[in-house]
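Novice: Below are the sequence and a predicted model for it; my questions follow.
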Amino acid sequence: MPRERNVKLKRLLLTYGYTHQDLADEVNRVAEVLYGKPASCTDRHVRRWISGEVRWPWARYLLPLQEIFGCAPEAMGFVPRGKWSRPVQPPAKPRVDRKGTVQRREFVAVGLTAALGIEAIPTVGRLGTSDAERIRNLVPALYVHDHALGGGALHIVAVEALARVHEALNLCSYGPRVERLLYSAAGDLAASAGWFAYDAGDQAGATDLYREALQSAMLAGDGALQARVWSNLAMQARLMHRDQEALRIGRAAVETRQAKDDPWLMALLHCRQAVGHARLGERGRSERSLSRAETAYEKTSGAPSPWLSFLTSAEITGLAGAAHQALGQHRRAEELTASALDQLEPRFERNRVYYTLQRAQVLLGCGEVEAAVAQARHAMGITGNVQSVRVRDKLASLRDSIGRYQTRVAREFCEQTREAE
């Protein structure tokens, strides 16, 4: 049976901000609490778990891992093998104090929760328009951080804020007009939380949040919010390789009155449809969608909705590059992606990493292996605090593609970046 990488464990490391050595150290610390002595875990053990070489760790490692991540072995991607894989009960020791666990994502979340004033949302009394506005103002504040950090930390913050909003909706009183405003604001927050979960790699969580956002949109009579959620659902379907479904959902969003009245939204929808058509090899339809996106973008004025603040000319150009890449037009895709990077503002750190990786991919498609490796190295160098599983998965996919080339530069890159697996 071919070896299968443990993607779930890899994502847990990314989610909690662990390196291989960090996790090994934490396993040893937790094991000492459970057993009275450390487990002698090393970074090599962690690499073997992630590579799939070891599909079910020994109990002295497995139990600490369950304490660290708070989930069952199967949820960590481990595969049982016969009677020796039966769950083992921990020794009669006090449970581990997980406050000492290195959880960088949660650390960031705590700081953002305090900074955004989520605790100030009232959960008693009567709510007015100012309270609905306070909730809606959380979204632009969150997106400022999303452009730099990615969805990892923000998922936690947005879900916590949403729980607070639900308390307010359930426990407070308000009139019909304020009710619509509250549901619209709550739906906006749920849609944002869904996007952050999508970017953090939690597709099940994203789907639940998008459903909640759609329900709120219906209760509020907010068609623009509904079109936005459909757009995000289409993007998620594409990520999961359901391209026909993605196009159908995107088409429904394009046909809404709200999308037709908002050139910002229409430009984005047509760009994403262009990528969808390209992935199915529909060159003519893809090119027509790109043309419609450009026409819509030329009609934009003023400032877009906060969630659309990423939609600049750089993003339009980058998505056009993605469409040409999917069509196999690598030279044109490289030109467009390079142009997008030149236009991109410094605040879009996550997107800069993403499009740098896209440029590396299209250069590889052009057969320019050395140039592709140079871009891949650059992307790794600017990743910084970005917490986006989408970006990390794109890097992993690129590394696998580079590994298929038997040049010295490709081999050196794969060897030097092995720790990033």
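Specialist: Thanks, I have it. Numbering: from 1, shown residues only.
Novice: and Gln387, backbone torsions?
Specialist: phi -120, psi 80 (degrees, to the nearest 10).
Novice: Quickly note the distance from it to Leu364.
Specialist: For Gln387, the distance to Leu364 equals 26 Å [CB to CB, to the nearest Å]. From N, CA and C alone the C-beta is placed, and that goes for glycine too.
Novice: More neighbours: which of the two?
Specialist: Taking other CB atoms under 10 Å, Gln387 and Leu364 do not tie; Gln387 has more neighbours (27 against 23).
Novice: Just give me how far the helix or strand where Cys271 lies sits from the chain centre.
Specialist: Using DSSP states H and E, Cys271 sits in helix 263-279. Computed by CA atoms, centre = their mean, to the nearest Å, the chain-centroid distance of helix 263-279 equals 19 Å.
Novice: Residues contacting the following helix or strand past it, please?
Specialist: For helix 263-279, the following helix or strand on the C-terminal side (DSSP H and E) is helix 283-298. Under the criterion CB atoms under 8 Å, 6 or more residues apart in numbering, residues 263-264, 266-268, 270-271, 273-275, 277-278, 313, 316, 319-320, 323, 326-327 lie in contact with helix 283-298.
Novice: So how do I select the buried members of these in PyMOL?
Specialist: To isolate the buried members of the contacts of helix 283-298 in PyMOL, using 16 or more other CB atoms under 10 Å:
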select buried, resi 263+264+266+267+268+270+271+273+274+275+277+278+316+319+320+323+326+327
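Novice: picking up where we left off before, give me the mean pLDDT for the helix holding Cys271.
Specialist: The pLDDT scores in helix 263-279 average 96.
Novice: So that it lines up with my notes, have the first residue be 121 from now on.
Specialist: Sure, I'll start counting at 121 from here, so that last one is helix 383-399.
Novice: Let me know the angle separating that helix from helix 403-418.
Specialist: Angle of helix 383-399 versus helix 403-418, following axes from the mean of the first three to the mean of the last three CA atoms, to 10 degrees, is 160 degrees.
Novice: and helix 383-399, C-alpha only, in CSV?
Specialist: Backbone C-alpha positions of helix 383-399 (Å, rounded to 0.1, in the frame of the first residue of the first chain) are rendered in CSV as follows:
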residue,chain,number,x,y,z
PRO,A,383,-20.2,46.6,-9.7
TRP,A,384,-17.7,45.6,-7.0
LEU,A,385,-19.5,42.3,-6.3
MET,A,386,-20.2,41.7,-10.0
ALA,A,387,-16.5,42.1,-10.9
LEU,A,388,-15.5,39.5,-8.3
LEU,A,389,-18.2,37.1,-9.3
HIS,A,390,-17.3,37.2,-13.0
CYS,A,391,-13.6,36.8,-12.1
ARG,A,392,-14.4,33.6,-10.1
GLN,A,393,-16.6,32.4,-12.8
ALA,A,394,-13.8,32.9,-15.3
VAL,A,395,-11.5,30.6,-13.2
GLY,A,396,-14.3,28.1,-12.9
HIS,A,397,-14.8,27.9,-16.7
ALA,A,398,-11.1,27.7,-17.2
ARG,A,399,-10.8,24.7,-14.9
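Novice: give me the element Leu431 is part of.
Specialist: Following DSSP H and E, one finds Leu431 outside all helices and strands.
Novice: Just give the closest residue to it, not the sequence neighbours.
Specialist: With sequence-adjacent residues excluded and distances taken as CB to CB, 6 or more residues apart in numbering, Leu431 is closest to Leu388, at 5.5 Å.
Novice: That neighbour: what's it in contact with?
Specialist: Residues near Leu388 by CB under 8 Å, 6+ apart: Ser351, Ala413, Leu428, Leu431.
Novice: which residues of the stretch 121-270 of the chain fall in strands?
Specialist: For the stretch 121-270 of the chain, no strands are identified by DSSP state E, counting those that start in this stretch.
Novice: quick one, helices of it?
Specialist: Secondary structure of the stretch 121-270 of the chain (DSSP state H, counting those that start in this stretch): helices located at 127-136, 140-155, 163-171, 179-189, 224-236, 249-256, 258-269.
Novice: Can you spell out which helices and strands pack onto the second one?
Specialist: Read it as helix 140-155. Applying 3 or more CB pairs under 8 Å, 6 or more residues apart in numbering; DSSP states H and E, we find helix 140-155 packed against helix 163-171, helix 179-189.
Novice: same for the shortest one, what does it pack against?
Specialist: In terms of contacts (3+ CB pairs under 8 Å, 6+ apart), helix 163-171 is packed against helix 127-136, helix 140-155.
Novice: Between those, which one is closest to Glu455.
Specialist: Among the helices and strands packed on helix 163-171, the nearest to Glu455 by CB to CB is helix 127-136 (31.8 Å).
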